[in-house]
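K.L.:
Just the structure for this:
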Amino acid sequence: MMINADLASLAPPLAAVAAGAVSAAFYARKRRWADALLAGFAGAALAVTLMDVRAPAATAQPLQVATASGRISDADRMVMPAASSIMLSGDGVREAEWRDLPARPLEWKPAAADLLWLDFPRSMSLGRIFTLSVRRPDADTVWRLQLLAENKQVLADSGPSSSAQLSVQWLPPVAETMVLQARLLDANGRTISQGPIPLRVNDPVPLQVQGRFDAPSFDARVLNQLLSDGGAILDWNVTLGKAMTRTETPRAELAAPNALFVDAAYVEHLSPAARAALLAQTAKGVPLVVLGGSASDAGVWQRDFGLRLQRQSPATEKEDMRQFSPSLSMPPATLNPADSDAAPWSVLARDSRQLPWLWQRAVGQGRVVWLGVADWHKYAISAPQALALWWQSAMDRIALPSVQKTGWRLTDPMPLAGLRSEVCAQGIKPGTSLMAEGYAAMTLQQRADKADGACAAFWPQKAGWVKFDAGGMAEPVSTYVYAQGDWPQWQRALRREATAQYAARAAADAAQDSAAGNGMRDASHWRGARITAVLFALAMLLLWWREQRFERATPD
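P.N.:
As a prediction, this is how the structure comes out:
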């Protein structure tokens, strides 16, 4: 037992003991031994009630844990719940393994080491640029990054640099599953590190786009061609004259349009009621994208859209050119919003010189987007790839994402053979079976940190591609499992990141447990005090009953 020895707190229980002892002595002088025993017991019970008596905390010892192998042994895992803290050596373990372990204060001082981090998309749609970035914070020498094809051909080269991060880009030509290679070289061309870069290039989900134009232009024609070449489903209508229109009907029903493109002239020619109906349609969620090159009536935009337009000065036209790349620059529209934000409108995108070219404002669940550049059609021949990539980046900012009820979530940056990983699915019922080629069936379970998803633990046995499928998913998905010897510096960096996160979580949990533990000890003290108080009351009642009985039995 642990007793609070503060003098002020000991005075009341000592007084209770003294009172009980004196009463017991009086009863003993009269040879009333039972009453003397009751008086002494009552005094002791009252003293215990008034004392701060608590059960001592269980003695726990620190646990030495070695993680040189990248794993925590089963023996350490079993005794970790009883440890007071963890004295860790090595780089720690991955996040999925730490998540299954109880939070304990961590004593850990990682040694200096060569670390690197890789960042790249594991899957992408055809037509998107693949970007690989490698970060080496401790690199203080010249190095370079190369991306290699499966046949070892160099696809991209960063060139020599002493920066902490290098990046390369590459445009995949076809939709396929591949394993590229990344190679890090020093200033003398010697290999610092090399490893696999898995990539799945998928056929793109076709966009569903509506177009309404009253000012025929080469810009609108080139935009139509770019969207068509990208496989978009188009509902296109261009007014060529008073009694002539060019209509392109969609090859499939537009169940969920991603955007409605109009030119400024189309909106200005609408009646006020039709413009109100257009805004009401936008408020339901589909973005309204206005090509501002044909705008001529600033009053319409100020009155109905809250957009204050100002005319472009011919004297500053060259200085205001929007520069997107060395080979891609465009003039601003004749009428454009001011460079600074003016509510309810805000700048959505800026060029390489930080000049705005795309503005937006929210309308209900949707938004209106003003595209304030023109003459992109000039690059359809001179720089078609740069133009396509520019429009692709614009569509990423503008269009609604394609509607998908279900989707896979493969969040592990580096699944490793022999180590725990996980597979998650969104929009699927918990309890659904997860199938993987060459593995026993797994069950997708609800996770507290994934409200709309379900996950399953997965222990890959060998390196290579693994395909997963589950009932209710639109299509299967593949993930790449790395070998134990792949990217050792990246493995070490990921373990250290996960261990630092565990240390922070353990510190926070320890603070909460300390507060909760104090409350539990106080509660246990009061429970014990209530018991001894009841015993004191029973002893006093019994002593009173015996006094009454003794007085009745004693003759006057």
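K.L.:
make it CA atoms for all contacts and neighbour counts henceforth
P.N.:
Noted.
K.L.:
helix/strand/coil for Ala362?
P.N.:
strand (DSSP: H, G, I helix; E, B strand; the rest coil).
K.L.:
ok, now which ones touch it?
P.N.:
Residues in contact with Ala362 (Cα atoms under 8 Å, 6 or more residues apart in numbering) are Pro344, Trp345, Val368.
K.L.:
Buried among the residues you listed? Make that a ChimeraX selection.
P.N.:
Entered in ChimeraX, the line below selects the buried ones among those, by 16 or more other Cα atoms under 10 Å:
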select :345,368
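K.L.:
Return the subset of the contacts of Ala362 lying in strands.
P.N.:
Members of these lying in strands (criterion: DSSP state E): Val368.
K.L.:
Tell me where the stretch 251-400 of the chain has helices.
P.N.:
For the stretch 251-400 of the chain, the helices defined by DSSP state H, counting those that start in this stretch cover 264-269, 272-282, 298-305, 379-382, 384-398.
K.L.:
Extract the CA atoms of the longest one and return them as CSV.
P.N.:
Spelled out, that is helix 384-398. The C-alpha coordinates for helix 384-398 follow below in CSV (Å, rounded to 0.1, in the frame of the first residue of the first chain):
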residue,chain,number,x,y,z
PRO,A,384,0.9,20.3,-80.2
GLN,A,385,2.2,18.3,-77.3
ALA,A,386,2.8,21.4,-75.1
LEU,A,387,-0.7,22.6,-76.0
ALA,A,388,-2.2,19.3,-75.1
LEU,A,389,-0.4,19.2,-71.8
TRP,A,390,-1.5,22.8,-71.0
TRP,A,391,-5.1,22.0,-71.7
GLN,A,392,-4.8,18.9,-69.6
SER,A,393,-3.6,20.9,-66.6
ALA,A,394,-6.4,23.4,-67.2
MET,A,395,-9.0,20.6,-67.3
ASP,A,396,-7.6,19.2,-64.0
ARG,A,397,-8.5,22.5,-62.4
ILE,A,398,-11.8,23.0,-64.2
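K.L.:
and it, which residues are buried?
P.N.:
Buried-residue list, helix 384-398, by 16+ other Cα under 10 Å: Ala386, Leu387, Ala388, Trp391, Gln392, Ile398.
K.L.:
between the contacts of Ala362, which is closest to Gln165?
P.N.:
Minimum distance to Gln165 across the contacts of Ala362 is 35.5 Å, recorded for Trp345 (Cα to Cα).
K.L.:
close enough to count as contact, that closest one and Val363?
P.N.:
No: using Cα atoms under 8 Å, Trp345 makes no contact with Val363, being 10.5 Å away.
K.L.:
Any stretches of the stretch 101-250 of the chain with poor pLDDT?
P.N.:
Low-confidence segments of the stretch 101-250 of the chain (pLDDT under 70): none present.
K.L.:
re the thing from before, as CSV, the buried residues of helix 384-398 with pLDDT and distance to Gln323 would be great.
P.N.:
Output for these, formatted as CSV (pLDDT from 0 to 100; distance: Cα to Cα, whole Å):
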residue, pLDDT, distance to Gln323
Ala386, 89, 12
Leu387, 94, 12
Ala388, 89, 15
Trp391, 93, 14
Gln392, 88, 16
Ile398, 91, 19
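K.L.:
Tell me which two of those sit farthest apart.
P.N.:
Greatest spacing in these, by Cα to Cα: Ala386 and Ile398 (18.3 Å).
K.L.:
on that earlier part again, and Leu14, which of the helices of the stretch 251-400 of the chain is closest to it?
P.N.:
Leu14 lies closest to helix 384-398 among the helices of the stretch 251-400 of the chain, at 77.5 Å (Cα to Cα).
K.L.:
Which strands or helices does the closest one pack on?
P.N.:
Judged by 3 or more Cα pairs under 8 Å, 6 or more residues apart in numbering; DSSP states H and E, helix 384-398 has no packing partners among the helices and strands.
K.L.:
which residues touch that helix?
P.N.:
The contact list for helix 384-398, computed with Cα under 8 Å, 6+ apart, reads 128, 226, 259, 287, 289, 324, 327-328, 348, 369, 376, 379-380.
K.L.:
Could you report the neighbour count for Val142?
P.N.:
15 (other Cα atoms under 10 Å).
K.L.:
didn't it look like it was pressed against Asp186?
P.N.:
Yes: between Val142 and Asp186 there is a contact under Cα under 8 Å: 6.2 Å.
K.L.:
that older thread, of the contacts of Ala362, which is the nearest to Leu50?
P.N.:
Pro344 (67.4 Å).
K.L.:
Pretty sure that closest one sits against Gly306.
P.N.:
Yes: assessed by Cα under 8 Å, Pro344 is found in contact with Gly306 at 7.3 Å.
K.L.:
Let me see the contact set for the nearest residue to Gln302 once chain neighbours are set aside.
P.N.:
In space, Gln302 comes closest to Arg308 once its chain neighbours are excluded; the distance is 5.2 Å by Cα to Cα, 6 or more residues apart in numbering. The contact partners of Arg308, taken as Cα under 8 Å, 6+ apart, are Ala298, Trp301, Gln302, Pro337, Ala338.
K.L.:
please redo it, this time with the cut-off set to 7 Å
P.N.:
Residues counted as contacts of Arg308 (Cα atoms under 7 Å, 6 or more residues apart in numbering) are Trp301, Gln302, Pro337.
K.L.:
For the chain, just list every one of the helices.
P.N.:
Secondary structure of the chain by DSSP state H: the helices cover 7-29, 33-50, 74-79, 95-99, 218-229, 264-269, 272-282, 298-305, 379-382, 384-398, 488-553.
K.L.:
So which elements touch the third one?
P.N.:
It refers to helix 74-79. Identification of packing neighbours for helix 74-79 by 3 or more Cα pairs under 7 Å, 6 or more residues apart in numbering; DSSP states H and E yields no helix or strand.
K.L.:
repeat that with 10 Å
P.N.:
Packing contacts for helix 74-79, counted by 3 or more Cα pairs under 10 Å, 6 or more residues apart in numbering; DSSP states H and E, involve strand 63-66.
K.L.:
The strand it packs on: how far from the chain's middle?
P.N.:
Centroid displacement of strand 63-66 relative to its chain, using Cα atoms, centre = their mean, to the nearest Å, is 31 Å.
K.L.:
got a list of contacts for that strand?
P.N.:
71-73, 75-77, 79-92, 104, 106-107 (Cα atoms under 10 Å, 6 or more residues apart in numbering).
K.L.:
Buried subset of these, written for ChimeraX?
P.N.:
In ChimeraX syntax, the buried subset of the contacts of strand 63-66 is picked out as below (16+ other Cα under 10 Å):
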select :71,72,80,83,84,85,86,87,88,89,90,91,92,104,106
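K.L.:
Of the contacts of strand 63-66, which belong to strands?
P.N.:
Ile86, Met87, Leu88, Ser89, Leu106, Glu107.
K.L.:
Widest-spaced pair of those residues?
P.N.:
Farthest pair in these, by Cα to Cα: Ser89 and Leu106, 10.5 Å.
K.L.:
Next, work out how far apart Gly366 and Ile233 are.
P.N.:
21 Å (Cα to Cα, to the nearest Å).
K.L.:
actually Arg492, not the one I wrote
P.N.:
Computed as Cα to Cα, the Arg492 to Ile233 distance reads 47 Å.
K.L.:
again with Lys405
P.N.:
Taking Cα to Cα, one finds Lys405 at 20 Å from Ile233.
K.L.:
same deal with Ala342?
P.N.:
35 Å.
K.L.:
of these two, who's got more company?
P.N.:
Each of Ala342 and Ile233 has its neighbours counted (other Cα under 10 Å); Ile233 has more, 21 against 13.
K.L.:
Surely the more buried one and Ala252 touch.
P.N.:
Yes: if you go by Cα atoms under 10 Å, Ile233 and Ala252 touch, sitting 6.9 Å apart.
K.L.:
Could you tell me which residues touch both of those two?
P.N.:
Gln208.
K.L.:
Which pLDDT does the model give Ala448?
P.N.:
Note for Ala448: predicted pLDDT of 73.
K.L.:
So what's the residue count around it?
P.N.:
If you count neighbours by other Cα under 10 Å, Ala448 ends up with 9.
K.L.:
so where's the chain uncertain?
P.N.:
Along the chain, the model assigns pLDDT under 70 to residues 1-9, 52-60, 314-318, 341, 403, 451, 510-529, 553-556.
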